[in-house]
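[1] no sequence for this one, just the structure:
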């Protein structure tokens, strides 16, 4: 089976602090280290000079060993917990997955 990259682009709500942004990405990093099948996690702010980000200021990418691991992650209780916290500060999210 092919590995899967799970790409998440984020717009934050007005008033979100840098500390809140760091915390939510730390929380996603933490669960990426505990939920089986996640091989890598990276995150950061947009640094593209192209100006095509359409207001999305941050992104993260999780690499899963296969689509079954990605599907299990999406239903995992820890994912639901962190996603609920994220939804408090996320204004908009765009998700794209693709096989490697």
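    Here it is on my side, so go on. Note that this is a predicted model, so its numbers are computed, not measured. Numbers count the residues shown, from 1 in each chain.
[2] mind checking the longest helix of this protein?
    helix 18-32 (DSSP state H).
[3] Touching that one from outside, list them.
    12, 38, 40-41, 43, 58, 60, 62, 76, 78-79, 82, 85-86, 89 (C-beta atoms under 8 Å, 6 or more residues apart in numbering). Where C-beta positions appear, they are placed from N, C-alpha and C, glycine not excepted.
[4] Can you tell me which of the residues you listed are buried?
    12, 38, 41, 43, 58, 60, 62, 76, 79, 82, 86, 89 (16 or more other C-beta atoms under 10 Å).
[5] Could you point out which of the residues you listed is nearest to residue 5?
    Of all the buried ones among the contacts of helix 18-32, residue 62 has the smallest distance to residue 5: 7.4 Å, by C-beta to C-beta.
[6] for the strand or helix carrying the closest one, packing partners?
    According to DSSP states H and E, residue 62 maps onto strand 58-64. With contacts defined as 3 or more C-beta pairs under 8 Å, 6 or more residues apart in numbering; DSSP states H and E, the packing partners of strand 58-64 are strand 4-12, helix 18-32, strand 38-45, helix 67-75.
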